[in-house]
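Colleague: need the 3D shape of this:
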Amino acid sequence: MIRPATANDTARLVRTISRAFAEDPVMRWLFPDDEDYLSNGQALMASLCRRWQHTETQWCTPDGVAVAGWSPPGRPPPPDEVVGANGEHPPWRLERFHVLVDKIQSNTPPEPHWYLNVLATHPDWQRQGLGAALMGIVFATADEAGLACYLETETIENVAYYRRHGFEVRSEWDVPLDGPHMWGMLRQPS
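Modeller: Here you go, the predicted model:
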């Protein structure tokens with residue numbers, strides 16, 4: 001049911017992530033205008049998909065309605081051609097992006113861990129266990145290696161969801177520049 005994502009999946013996965021994150025506080029803080037979100041937000045999502053595919057850490061359902069993008073322990077930097085998103089970004093967005101990255105980095109656990117960057121299920125397919133199945137792939141790998149899993153989220157509903165899957169709140173912070181409130185959550189190995 002769950003399989004590694006490939007470049008052939010990218011367009012479908014970008015649509016899934018875009019629909020799942022349409023009201024996400026961080027995405028809408030970075031891309032507040034709908035048209036901007038659909039064009040530049042999707043370019044960012046495609047770039048992230050290429051990054052996860054490069055490290056072989058993106059999994060999806062065969063139909064692409066659910067996807068998880070992870071970074072392996074150490075969060076290795078991707079090659080330059082994977083990082084760049086299309087187009088120029090206005091200075092205010094670049095400032096927000098840098099502030100966000102700084103806050104995330106300052107709250108990241110120092111010990112080696114798997115980082116769940118994105119877990120997305122198309123809204124029409126939510127609440128069917130697809131997210132749990134996607135997380136389970138890396139949970140098994142992390143548990144076998146004795147490593148934790150870590151993520152950030154921006155809604156109290158997601159905090160409750162991830163708690164049901166073994167994550168506990170490790171830290172909380174507010175992103176400057178009127179950014180969202182965030183929770184860092186850690187799942188210890190079983």
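Colleague: CA atoms for contacts and neighbours, from now on please.
Modeller: Noted.
Colleague: all helices of the chain, in order?
Modeller: Ranges of helices within the chain are 10-20, 25-30, 34-36, 42-54, 80-83, 91-107, 130-145, 156-163, based on DSSP state H.
Colleague: I'd like the average pLDDT over the fifth one.
Modeller: Rounded to a whole number, the mean pLDDT of helix 80-83 is 42.
Colleague: one step back: to L177, which of the helices of the chain lies closest?
Modeller: Across the helices of the chain, L177 has its closest neighbour in helix 91-107 (7.1 Å, Cα to Cα).
Colleague: identify all contacting residues around the closest one.
Modeller: L30, F31, S171, W173, V175, P176, L177, G179, G184 (Cα atoms under 8 Å, 6 or more residues apart in numbering).
Colleague: if we use 10 Å, what do you get?
Modeller: 26, 29-31, 88, 151-152, 170-180, 182-184 (Cα atoms under 10 Å, 6 or more residues apart in numbering).
Colleague: inside strands: which ones of those residues?
Modeller: Among the contacts of helix 91-107, the ones falling in strands (DSSP state E) are L151, E152, R170, S171, E172, W173, D174, M182, W183, G184.
Colleague: just give the closest residue to the fourth one, not the sequence neighbours.
Modeller: This means S171. Nearest residue to S171 in three dimensions, chain neighbours excluded: G184, at 5.0 Å (Cα to Cα, 6 or more residues apart in numbering).
Colleague: quick revisit: of all the ones in strands among the contacts of helix 91-107, which two lie farthest apart?
Modeller: Among the ones in strands among the contacts of helix 91-107, L151 and D174 lie farthest apart (Cα to Cα), at 15.6 Å.
Colleague: between the two, who's got more neighbours?
Modeller: A direct count of neighbours by other Cα atoms under 10 Å for L151 and D174 places L151 higher, at 23 against 14.
Colleague: please tell me how far the residue nearest to the spatial centre of the chain sits from P90.
Modeller: In the chain, the centroid-proximal residue (Cα atoms, centre = their mean) is V118; its distance is 2.0 Å. Distance, V118 to P90, by Cα to Cα, to the nearest Å: 24 Å.
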